[in-house]
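# kindly generate the corresponding structure for this input.
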Amino acid sequence: MNPPTAQPRKGAEQAAAETPPTRASGKLLAAGLIGSSIEWYDFFLYGTAAALVFPHVFFPDSSALTGTLLSFSTFWAGFLARPIGGVVAGHLGDRHGRKAMVVLSMALMGACTFLIGCLPGAGVLGAAAPLLLVLLRFLQGLACGAQWGGIALLLTESASPKRKGYAGTFGQMGVSLGVFLGNGVFLLASAVTSDEAFMSWGWRIPFLVSAVLLPVVMYVQNKVEDSPEFRQMSEQAAAKSDKEKVARAPVVEVIRSKWRTVLLAAGLLAGTNCLFYISIAGVISYAAEHLGLDKDDILLVAMPVTAVGALFVLWAGWLSDRVGRRPAVLVGAAIIVLWAFPYFWLVNTGSLLWLGVAVLIGGFGQSLTYGPLAAYIGELFEPRVRYSGASLAYQIAALTISGGTPLIMTAIIGGTGGTSWVSVFIAVMGLLTFGCAWVLRETNPREVREDPTAVPGAVEGVRS
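Numbering: from 1, shown residues only. The predicted structure follows:
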């Protein structure tokens with residue numbers, strides 16, 4: 001096995017290493033956190049609505065099971081679109097910059113979420129209502145597919161070399177905080193309206209609130225610069241002799257030369273994505289429909305758990321700067337595998353307390369895996385194709401695992417009458433993550449962490 005090789009500092013990364021964190025870097029972290037949180041709020045809000053509202057509003061003539069399955073099918077439409085958004089944004093982002101793709105993705109996400117809040121139900125538009133819902137969800141998916149790579153790279157490429165894992169979590173925490181915000185606004189809308197009014201129009205309030213994303217878009221556009229690393233690469237490429245520094249077709253290049261690394265990086269997300277989407281969508285529907293728990297009570301339990309999850313993610317990214325990316329991912333994946341069956345043993349007690357414990361412990365393993373990935377996945381690819389490689393890996397996992405998980409869980413429970421095979425599914429996904437992390441090279445090994453002149457990053461993504 002060849003040892004990982006530390007890359008020498010140069011250009012923007014050298015300047016970042018020599019300059020202490022500034023107030024401007026803090027503003028960038030805050031903008032990344034707020035923008036990511038609101039954008040994920042928009043994307044995940046749909047999942048809560050798909051579990052609790054959309055079966056009644058857009059599929060009112062279906063049975064409870066069929067309505068839920070159809071609703072979660074529209075939820076999946078967003079994930080079908082995410083690889084397309086990732087590929088397009090990766091190509092443009094590697095050629096023209098990270099910031100432009102972040103601004104575009106946030107604007108598109110906010111507009112689509114707002115329009116979903118304005119969309120009449122099947123009682124008014126008939127079959128056209130769910131079709132328009134799918135279209136808007138698909139456009140949400142394009143925006144989401146574009147935003148993750150842009151925010152992750154804008155944060156990590158702008159950070160000092162020894163803080164890339166920590167900086168990347170300010171985009172990663174947006175996932176947990178987005179769920180927290182979505183559940184909170186949903187609860188508030190439910191609390192101030194009757195059940196009948198909520199199903200009629202109250203559910204629209206959380207979607208209309210997405211208009212608050214507009215000021216964030218304007219701030220990023222006017223106040224945030226592109227990452228120093230990309231700016232330096234573009235300046236060097238402006239010279240005729242350095243034209244090759246910007247890839248002409250970055251997506252094609254990364255698929256041709258790094259396809260194995262792309263697939264392994266996608267596998268890093270299998271366990272964390274599976275358990276996360278079961279916790280934020282599948283279990284909410286299951287607990288309400290099969291265990292008879294009140295939806296508001298379930299969301300009240302989920303809110304503090306997701307808030308704590310954001311702190312887990314922050315800690316995991318910080319830890320990866322000190323002990324390496326792979327150890328955190330491996331331990332998190334092992335927890336997901338070991339917790340797969342106890343998770344549903346506790347959920348099936350029908351106790352809100354034990355449901356909260358199940359999600360909290362599962363969330364710790366999931367967050368320990370997820371926290372380092374903004375830095376880790378980016379470091380697996382060289383800068384000229386980094387946006388394309390990272391986005392493609394992340395969105396392959398979204399397409400194959402994330403969006404289909406609530407649907408798969410609902411179908412398994414409907415077919416078997418139990419949750420044992422759902423636990424098997426979680427364990428298999430956790431094992432997949434563990435195996436991929438085992439094969440991939442550590443991008444922040446000891447010799448890099450202890451060398452003040454070394455920048456994290458792997459010459460080759462796969463260990464040899």
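
# in stretch 121-137, what counts as buried?
G121, A122, A129, P130, L132, L133, V134, L136, R137 (16 or more other C-beta atoms under 10 Å). All C-beta spots, glycine's among them, are computed from the backbone N, C-alpha and C.

# repeat for stretch 193-206
In terms of neighbour count (16+ other C-beta under 10 Å), stretch 193-206 has its buried residues at T193, F198, M199, G202, W203, R204, I205, P206.

# identify the farthest-apart pair in the residues you listed.
Spatial extent of these (C-beta to C-beta) is set by the pair M199 and P206 at 13.6 Å.

# all helices of the stretch 351-464 of the chain, in order?
352-370, 373-379, 386-397, 405-416, 420-439, 446-449 (DSSP state H, counting those that start in this stretch).

# turn those into JSON lines, including distance to V313 and mean pLDDT.
Converted to JSON lines, the helices of the stretch 351-464 of the chain look like this (distance: least, C-beta to C-beta, whole Å; pLDDT from 0 to 100):
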{"stretch": "helix 352-370", "distance to V313": "5", "mean pLDDT": "93"}
{"stretch": "helix 373-379", "distance to V313": "10", "mean pLDDT": "93"}
{"stretch": "helix 386-397", "distance to V313": "15", "mean pLDDT": "88"}
{"stretch": "helix 405-416", "distance to V313": "19", "mean pLDDT": "84"}
{"stretch": "helix 420-439", "distance to V313": "16", "mean pLDDT": "95"}
{"stretch": "helix 446-449", "distance to V313": "20", "mean pLDDT": "86"}
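
# could the ones you listed go into JSON lines alongside mean neighbour count?
Shown next, in JSON lines, are those (neighbours: other C-beta atoms under 10 Å):
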{"stretch": "helix 352-370", "mean neighbour count": "23"}
{"stretch": "helix 373-379", "mean neighbour count": "29"}
{"stretch": "helix 386-397", "mean neighbour count": "29"}
{"stretch": "helix 405-416", "mean neighbour count": "19"}
{"stretch": "helix 420-439", "mean neighbour count": "20"}
{"stretch": "helix 446-449", "mean neighbour count": "16"}
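
# and the ones you listed as a markdown table, adding distance to L115?
Formatted as a markdown table, the helices of the stretch 351-464 of the chain follow (distance: least, C-beta to C-beta, whole Å):
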| stretch | distance to L115 |
| --- | --- |
| helix 352-370 | 30 |
| helix 373-379 | 29 |
| helix 386-397 | 23 |
| helix 405-416 | 23 |
| helix 420-439 | 33 |
| helix 446-449 | 47 |
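
# mind checking the SS state of G309?
Here G309 is helix, with the state taken from DSSP: H, G, I helix; E, B strand; the rest coil.

# would you check how far apart it and V329 are?
G309 sits 16 Å away from V329, going by C-beta to C-beta, to the nearest Å.

# residue boundaries of the helices in the stretch 201-350 of the chain?
Assigned by DSSP H, counting those that start in this stretch, the stretch 201-350 of the chain shows helices spanning 204-208, 213-223, 228-238, 250-267, 270-277, 283-289, 295-323, 325-347.

# so which of these is the most packed in?
helix 270-277 (a mean of 28; mean count of other C-beta atoms under 10 Å).

# and it, how far out from the chain middle?
Centre-to-centre, helix 270-277 and its host chain are 10 Å apart (C-alpha atoms, centre = their mean, to the nearest Å).

# now it against helix 386-397, angle please.
Helix 270-277 and helix 386-397 are oriented at 60 degrees to each other (axes from the mean of the first three to the mean of the last three C-alpha atoms, to 10 degrees).

# by contact count, what packs against helix 270-277?
helix 325-347, helix 352-370, helix 405-416, helix 420-439 (3 or more C-beta pairs under 8 Å, 6 or more residues apart in numbering; DSSP states H and E).

# looking at these, spot the one closest to P215.
Using C-beta to C-beta, the helices and strands packed on helix 270-277 put helix 352-370 closest to P215, at 27.6 Å.

# tell me what angle the closest one forms with helix 295-323.
Between helix 352-370 and helix 295-323, the angle comes out at 30 degrees (the same axes, to 10 degrees).

# tell me how far helix 352-370 lies from the chain's centre.
17 Å.

# which parts of the host helix or strand of K164 are buried?
Here K164 sits within helix 164-191, counting by DSSP states H and E. For helix 164-191, the neighbour count (16+ other C-beta under 10 Å) marks 164-187, 189-190 as buried.

# so the longest helix seen in the chain versus helix 270-277, what angle?
Assignment by DSSP state H gives helix 64-96 as the longest helix of the chain. Helix 64-96 runs at 130 degrees relative to helix 270-277, counting by the same axes, to 10 degrees.

# past helix 64-96, which element shows up next along the chain?
In N-to-C order, the element after helix 64-96 by DSSP H and E is helix 98-118.
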